[in-house]
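S.K.: Return atomic coordinates for the entry below.
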Amino acid sequence: MSEPTTIEAAPSDAGKDTIEAAAPVMDIRNLTKRFPIGGMFSSHEVHALQDVSFSLPRGEVVAVVGESGSGKSTAARLLARLMPPTSGEIVYNGRDVLKEESGRASLAYRGDVQMVFQDPFGSLNPVHPVRYHLERPLKIHKKASGRRQVRERVHDLLNIVGLQPVEDFAAKFPYQLSGGQRQRVAFARALAVEPKVMLADEPVSMLDVSIRIGVLNLIERLRADEGISFLYITHDIASARYIGDKTNVMYAGRMVEGAPSGELIDNPAHPYTKLLLSAVPNPHAGLRTQETQARGEIPSLVDPPPGCPFAARCPHVMEVCRQRMPDTTWVGTDHWVRCYLYGE
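M.R.: Numbers count the residues shown, from 1 in each chain. Purely as a prediction, here's the structure:
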């Protein structure tokens, strides 16, 4: 379930700006995605996402963490409208974009919501120089016109992402760049259309540890200087703590916990969140306790069992956990969890 956003009606236009500032830039409601498998005569489906709900506040970084196969990247691709959801709503600036069918509205949304992919080696066409990758979105979305204006804007984008000298980098081909430089070009390409939201799908997972911090700092600088809202997807809960204002935890296609990043790290509630934190190297901690040790197997997404998806691996499992998915319980200020260990 999503975190409820309560906005009281203003008695006059004087409070209108305050209300709009408080409303999230994007509100995802009960988003579900199922992939049919086995051909046209089969009824089997992969339940990649199930009733996923969360909000993306304006000018903040919301991290989504979880292991491979939890549905993080699928959620990002749905928000980027690279594929249609099975059901649910994607509310952007107060309107459900899934109900907008006109080409102009779709193009405007795709300009406002940009995605940076995980693989910097596969996201750039190797036969074109960096200049081409940045000029193309400028022309398609009419953000610059004329050879001189386009050239100046390309140089501005390279400066923003820290690739200097700009003339040299604009003329280089992707194979002449390092992984970190390619990822910066991917960010520059997304910035070309002046987005309001950026979906960063594990942007540092394929980079050397020594250059990851540079890309993370770039995200923070873009948030602070450009006011861009970020959805930062990762399986590394430590980087989520570093970059995220809030962190949501996903497991087997469901959101199971969410809180401000510091609160989530210091006071994890869900047993799966505790398991993730136990995997973070800590020289001052002893061996993992029985409470956080994994057991059992990840449930099948083709025929998911009823109840909590973590029940088969949870050391605190109860019979009710295997019967139905728990509702949202608030365990602190802006901290919620879906677990029967809390609440009544």
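
S.K.: C-alpha only now, for contacts and for neighbours.
M.R.: Noted.

S.K.: what about Leu222, neighbour count?
M.R.: Taking other C-alpha atoms under 10 Å as the criterion, the count of residues near Leu222 is 19.

S.K.: list the helices and strands the helix or strand it falls within packs on?
M.R.: Remark: Leu222 resides in helix 209-226, with elements defined by DSSP states H and E. With contacts taken as 3 or more C-alpha pairs under 8 Å, 6 or more residues apart in numbering; DSSP states H and E, helix 209-226 sits against helix 179-191, strand 229-234, helix 237-243.

S.K.: make it 7 Å
M.R.: In this structure, helix 209-226 makes packing contacts with no helix or strand, judged by 3 or more C-alpha pairs under 7 Å, 6 or more residues apart in numbering; DSSP states H and E.

S.K.: gap between the residue nearest the centre of the chain and Arg241?
M.R.: For the chain, the residue lying nearest the average C-alpha position, counting by C-alpha atoms, centre = their mean, turns out to be Leu231 (3.5 Å). Applying C-alpha to C-alpha, to the nearest Å, one obtains 13 Å for the distance of Leu231 from Arg241.

S.K.: before we move on, back to that, need the contact list for the residue nearest to the centre of the chain.
M.R.: For Leu231, the contact set (C-alpha atoms under 7 Å, 6 or more residues apart in numbering) comprises Val61, Val62, Ala63, Met198, Leu199, Ala200.

S.K.: One more: Ala48?
M.R.: Under the criterion of C-alpha under 7 Å, 6+ apart, the neighbours of Ala48 are Lys33, Arg34, Gly71, Gly253, Leu301.

S.K.: Make JSON lines from these and add secondary structure to it.
M.R.: Rendered in JSON lines, the data for these read as follows (DSSP: H, G, I helix; E, B strand; the rest coil):
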{"residue": "Lys33", "secondary structure": "strand"}
{"residue": "Arg34", "secondary structure": "strand"}
{"residue": "Gly71", "secondary structure": "coil"}
{"residue": "Gly253", "secondary structure": "coil"}
{"residue": "Leu301", "secondary structure": "coil"}
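
S.K.: of the residues you listed, closest to Ile90?
M.R.: If you rank those by distance to Ile90 using C-alpha to C-alpha, Lys33 comes first, at 12.8 Å.

S.K.: Tell me what that closest one is bridged to.
M.R.: Applying DSSP bridges to Lys33 gives these bridge partners: Leu49.

S.K.: okay, how far is it across stretch 329-336, tip to tip?
M.R.: Chord length of stretch 329-336, first to last residue, is 5 Å (C-alpha to C-alpha).

S.K.: Make residue 1 into 803 and carry on from there
M.R.: Understood, numbering begins at 803; the last thing we discussed is stretch 1131-1138.

S.K.: Could you list the residues in contact with it?
M.R.: Defining contact as C-alpha under 7 Å, 6+ apart, one finds that stretch 1131-1138 is touched by Glu1059, Gly1060, Ala1061, Thr1130, Val1139, Arg1140, Tyr1144, Gly1145.

S.K.: Can you mark which positions in it are buried?
M.R.: For stretch 1131-1138, the buried set under the neighbour-count rule, 16 or more other C-alpha atoms under 10 Å, comprises Thr1131, Trp1132, His1137, Trp1138.

S.K.: In helices, which of these fall?
M.R.: Nothing among the buried residues of stretch 1131-1138 maps onto helices, per DSSP state H.

S.K.: Adding distance to Val1011 and pLDDT, write the residues you listed out as CSV.
M.R.: CSV is the format used below for those (distance: C-alpha to C-alpha, whole Å; pLDDT from 0 to 100):
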residue, distance to Val1011, pLDDT
Thr1131, 37, 94
Trp1132, 36, 95
His1137, 31, 96
Trp1138, 32, 96
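
S.K.: from these, which two are the most distant?
M.R.: Taking every pair in the buried residues of stretch 1131-1138 and measuring C-alpha to C-alpha, the maximum separation is 8.6 Å, between Thr1131 and His1137.

S.K.: residues near the nearest residue to Ser875 once chain neighbours are set aside, how many?
M.R.: With C-alpha to C-alpha, 6 or more residues apart in numbering as the criterion, Ser875 has its nearest non-adjacent residue at 6.3 Å, and that residue is Asp1003. As a burial measure, the neighbour count of Asp1003 was computed by other C-alpha under 10 Å and equals 23.
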